[in-house]
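In: dropping a prediction and its sequence here:
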Amino acid sequence: MEWVDDAIVLGCRPFGEGKLVADLFARSHGRYGGVVHGGRRAQPIVQAGNLVRAGWKARLSEQLGFFSPLELSEPYAGRLLDNALALSGLASAISLVRAGAPERHAYPTLYDALLVLIESLPTADIWPALYARFELGLLSEIGYGLDLTRCAITGETDHLAWVSPRTGRAATAEAGAPFADKLIRLPPFLCDAEAPIESGDVADALALAGYFLERRLFDQRGEGMPEARRRMIERLGFAGRL
């Protein structure tokens, strides 16, 4: 049993003497763990966020297996070492993929979205909005997507402004107005890529995604939201990026 694929490193841990176990998110194969020989020499390669070209091999498909070859394609992690805000976004996104994406199930669309987000992290005025879209995309990929395409009440596709916390369906500003105190605000940029991003929009987008991540994913598992996400939101607030 073996494959070769492009992959994003999600993390690693020590394993025995002189070895590591790496957790990779491969584009066509999904999340896989595997032993990496070389220990300390391999650590710069398996930093979370790096892009690698990996081969995974095992005698049986259910075994842990090992990665060989494991070649660094893009050292994204190293480029962010002096950027605490960007590192917080990287840590949060990776923690959600590790928690939300089942092992050994391919999610190429989610992989592509994560890669685009990682590539945008050096640009602080761009990535927070991309990150919010990434969270909603993750929900959709794992089967908990929201319907933000049309109003659940009128069927209209324009002027969507609210989301029902019960159904995850959108409503227009007018149709949702009588129930505004029970609905979640839908920032325009989540529905319209051309819409300007106003102050407070990223905060509202993260609140929307966070509500459904918590209730549809983490509450179902009896787990709390990853601490890395809370730290990211805190840093975004201090930086005036919400």
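Out: That came through, no problem. Just so it is clear, the structure is predicted and the values come from calculations on it, not from any experiment. Numbers count the residues shown, from 1 in each chain.

In: how far does the lowest-mean-pLDDT helix or strand in the chain sit from its chain's centre?
Out: When the helices and strands of the chain are scored by mean pLDDT, DSSP states H and E, helix 219-221 comes last with a mean of 83. Relative to its chain's centre, helix 219-221 lies at 18 Å (CA atoms, centre = their mean, to the nearest Å).

In: ok, the residue lying closest to residue 200 once chain neighbours are set aside - contacts?
Out: Leaving aside its chain neighbours, residue 200 sits nearest to residue 242 (6.9 Å; criterion: CB to CB, 6 or more residues apart in numbering). Placement of C-beta: from N, CA and C, glycine included. Contacts were defined as CB atoms under 8 Å, 6 or more residues apart in numbering; by that measure residue 242 touches 128, 200, 202, 203, 206, 233, 236.

In: now the strands for the chain?
Out: Counting by DSSP state E, one finds strands in the chain at the ranges 2-14, 19-26, 30-37, 51-57, 66-74, 147-151, 160-163, 169-172, 184-185.

In: as a whole number, average confidence for the fifth one?
Out: When pLDDT is averaged along strand 66-74, the result is 95.

In: on that earlier part again, kindly reformat the strands of the chain as CSV containing distance to residue 224 and mean neighbour count.
Out: Below are the strands of the chain laid out as CSV (distance: least, CB to CB, whole Å; neighbours: other CB atoms under 10 Å):
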stretch, distance to residue 224, mean neighbour count
strand 2-14, 19, 18
strand 19-26, 20, 22
strand 30-37, 21, 20
strand 51-57, 30, 19
strand 66-74, 31, 16
strand 147-151, 26, 16
strand 160-163, 22, 23
strand 169-172, 26, 22
strand 184-185, 20, 18
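
In: relative to residue 92, which of those strands is closest?
Out: Closest to residue 92 of the strands of the chain is strand 2-14 (CB to CB; 12.5 Å).

In: mind checking how far the closest one is from the chain centre?
Out: 16 Å.

In: paired strands for that strand, with orientation please.
Out: According to DSSP bridges, strand 2-14 forms sheet pairs with strand 19-26 (antiparallel), strand 51-57 (antiparallel).

In: quick check: residue 98 touching residue 23?
Out: Yes: counting by CB atoms under 8 Å, residue 98 does reach residue 23; the two are 6.7 Å apart.

In: quick one, what contacts the spatially most central residue of the chain?
Out: For the chain, the residue nearest the mean C-alpha position is residue 93 (3.8 Å; CA atoms, centre = their mean). Contact analysis of residue 93 by CB under 8 Å, 6+ apart lists 114, 117, 118, 131, 134.

In: can you report how many residues neighbour the first one?
Out: This points to residue 114. The number of residues packed near residue 114 is 25, by other CB atoms under 10 Å.

In: low-confidence regions, the protein specifically.
Out: For the chain, applying pLDDT under 70 flags no range at all.

In: look up how far residue 154 lies from residue 54.
Out: With distances taken as CB to CB, to the nearest Å, residue 54 is found 49 Å from residue 154.

In: still on that earlier bit, quick check: neighbours shared by residue 98 and residue 23?
Out: By CB under 8 Å, 6+ apart, the residues touching both residue 98 and residue 23 are 10, 11, 31.

In: can you redo the residues you listed as TSV with distance to residue 62?
Out: Shown next, in TSV, are those (distance: CB to CB, whole Å):
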residue	distance to residue 62
10	20
11	21
31	15
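
In: looking at those residues, which is nearest residue 212?
Out: The closest of the shared contacts of residue 98 and residue 23, once distances to residue 212 are taken by CB to CB, is residue 31, at 21.3 Å.
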